[in-house]
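Visitor: Just to be clear, the model below is a prediction. Sequence and coordinates:
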Amino acid sequence: MTKEPNVYNSSFWFLCLSALLFFASFNMIIPELPEYLTQLGGAEYKGLIISLFTITAMGSRPFSGKLADKIGRVPVIIFGAVVCFVCSLLYPIIISLTGFFLLRLVHGFSTGFTPTGTTAYLADIVPAHKRGEAMGLLGTATAVGMAGGPALGGLIANRFGLDAMFYCSSFLALVSIGILLTTRETLQTKTKFSFTYLKVKREDFFEPLVLAPCLIMVLCAFSYGAVFTLIPDFGQFVGIKNKGLLFTYLTVASLLIRLVAGKASDRYGRVPVLRIGTLVILLAMLVISTATTSLQLIVGVTLYGFAQGSTSPTLLAWATDLSHAEFKGRGIASLYIFMELGIGLGAFLSGLLYANNPERFFSTFLISGLLGALAFGYLLVRPRPIKQ
C-alpha cells in the first residue's frame, strides 16, 4: 500500500494564514462602522453598511469564479486582498455619506474575489474524503481572524481613534498579500488574463449542480446579515461597551465547532450536520430576540457562532462535492452568490425593520430564526441525491 501524501503542507498553511489576516482586516472595522456612519450624519442608514458591501461581493462572484477557472486561483485571491488594502486606507479621508457608501460598494469586491479563489485553491489540493476537515481547518483560520479582528479593532479605536484602526486594517491586508506572493498556483491549465473573460454568459452566473446547498445558504446567511448589522446596537442597549467582544464570542464559538463539524460531515454526510446546524440557528435567534441582559445576549451570540461554524464549512464542502471538476470556481462562486444575497437581504431588511427602535429587536431576529427553521424543513423533505 502506498502512503497517502500529506495534504496539509506549507501551501495549505500559508493559505490559512493569509485567510486569517484577510478576514481580520475587513472584519475589524465592522463593529465601529455604525458609530463612524453616525458621525457622518447617516445613523438611519446602518442597514446599508453590510448590504452595500454584499451587493458588489455578490455581483463580482461570476467574474471571480470564471477568472479562477481561467487565469488561476492565486491572482483572484490577491486581487481581493489588494482591494481590502486600498479601501481601508481611504476610510479616514471620507467626509461625506456618498463617499462612504461608494467605498463600501468597492470594498465588497474584496470578499467577492478572495474567498472564491481560496476555496477553489483548497479544493485543488485536498482530496474529497478530507474536504470537510480541510474546510474546517481553513474555516478555523478565518474564524480566528474574525474573532481577533473585531476585538483588536475595538481596542485600537477606543485607545487611538478610528483612523488608527483603519490603518491597522490596511496593514493586515498588506501582510496577507505578501504571503500570497510566495504561494504556488494550483490550476493546471491556465491562460493569461483577457478582457473577454469579463464578459460573463448566463451559465457563468449559476451552477445548477449546487442548487441544494445554495438554497440552504441563502436561508442561513440571512441571520448572519441581521446579526452583524444589529448586534453592535443591541450590545450597547444591554450595556456592553466594547461591541467588538460580541463578535469575538461569536467567532470563537464558530472556531471551536468547525473542526468537529468538518470531520463529522466527512464521516456522516453533509446533510445530517446541516440539519443540526439549522436547528441551532433557530434556537440562537430565539435566545437573542428575547435578550434583556448582556449575559443572555452573549449566550445567544455564542449559540449562533456554533451554528454558523458548523453550517459554513459543511456547505462549502457540499458545493465542492457537487461541482463539475472543470468548473469548481463557478460552483463555489454560485454558493457565495447566495451567501451574499442572504447576508445582504438580512442586513438591509433587519436595519429597515429595526429602525433604531430597540423594541423591534424581537421581531427582527425572530424572522431570522424562522428562516433557519425553513432550511431545516427543506433538508428533511428534499429528494435524496446520489451524493450528499
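Guide: Sure thing, it's come through.

Visitor: Tell me where the stretch 1-150 of the chain has helices.
Guide: Secondary structure of the stretch 1-150 of the chain by DSSP state H, counting those that start in this stretch: the helices cover 10-27, 33-39, 47-70, 73-90, 97-125, 131-160.

Visitor: could you dump these to TSV with mean neighbour count and distance to residue 381?
Guide: No exception for glycine: its C-beta is placed from N, CA and C like everyone else's. As requested, those are arranged in TSV below (neighbours: other Cβ atoms under 10 Å; distance: least, Cβ to Cβ, whole Å):
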stretch	mean neighbour count	distance to residue 381
helix 10-27	22	35
helix 33-39	17	39
helix 47-70	24	28
helix 73-90	23	36
helix 97-125	23	28
helix 131-160	23	24
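
Visitor: Those helices: which one's closest to residue 349?
Guide: helix 47-70 (7.6 Å; Cβ to Cβ).

Visitor: between that closest one and helix 97-125, how big is the angle?
Guide: 40 degrees (axes from the mean of the first three to the mean of the last three Cα atoms, to 10 degrees).

Visitor: Check which helices and strands helix 47-70 is in contact with.
Guide: helix 33-39, helix 73-90, helix 97-125, helix 202-205, helix 211-237, helix 328-354 (3 or more Cβ pairs under 8 Å, 6 or more residues apart in numbering; DSSP states H and E).

Visitor: what's the average pLDDT for stretch 189-202?
Guide: Along stretch 189-202, the predicted confidence averages to a pLDDT of 76.

Visitor: Same check on stretch 59-75?
Guide: 86.

Visitor: quick one on the thing from earlier: okay, the helices of the stretch 1-150 of the chain in a markdown table with distance to residue 194 next?
Guide: Shown next, in a markdown table, are the helices of the stretch 1-150 of the chain (distance: least, Cβ to Cβ, whole Å):
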| stretch | distance to residue 194 |
| --- | --- |
| helix 10-27 | 26 |
| helix 33-39 | 37 |
| helix 47-70 | 8 |
| helix 73-90 | 13 |
| helix 97-125 | 17 |
| helix 131-160 | 30 |
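
Visitor: wait, which of these is closest to residue 362?
Guide: helix 47-70 (17.5 Å).

Visitor: before we move on, back to that, out of the helices and strands packed on helix 47-70, point me to the one whose mean pLDDT is lowest.
Guide: helix 202-205 (a mean of 69).

Visitor: Only C-alpha atoms, please: export stretch 292-301 in PDB.
Guide: Taking Å, rounded to 0.1, in the frame of the first residue of the first chain, the C-alpha atoms of stretch 292-301 are listed here in PDB:
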ATOM      1  CA  THR A 292     -32.700  41.600  28.200                       C
ATOM      2  CA  THR A 293     -29.300  41.300  29.800                       C
ATOM      3  CA  SER A 294     -25.700  41.200  28.500                       C
ATOM      4  CA  LEU A 295     -25.300  37.600  29.600                       C
ATOM      5  CA  GLN A 296     -28.400  36.400  27.600                       C
ATOM      6  CA  LEU A 297     -27.200  38.200  24.500                       C
ATOM      7  CA  ILE A 298     -23.700  36.700  24.900                       C
ATOM      8  CA  VAL A 299     -25.300  33.200  25.200                       C
ATOM      9  CA  GLY A 300     -27.400  33.800  22.100                       C
ATOM     10  CA  VAL A 301     -24.500  35.100  20.100                       C
END
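
Visitor: Show residues contacting that stretch.
Guide: 227, 231, 234-235, 238-240, 246, 249-250, 253, 284-285, 287-291 (Cβ atoms under 8 Å, 6 or more residues apart in numbering).

Visitor: Hmm, residue 259 is touching residue 132, no?
Guide: No: in this structure, residue 259 is not within contact of residue 132 by Cβ atoms under 8 Å, at 9.7 Å.
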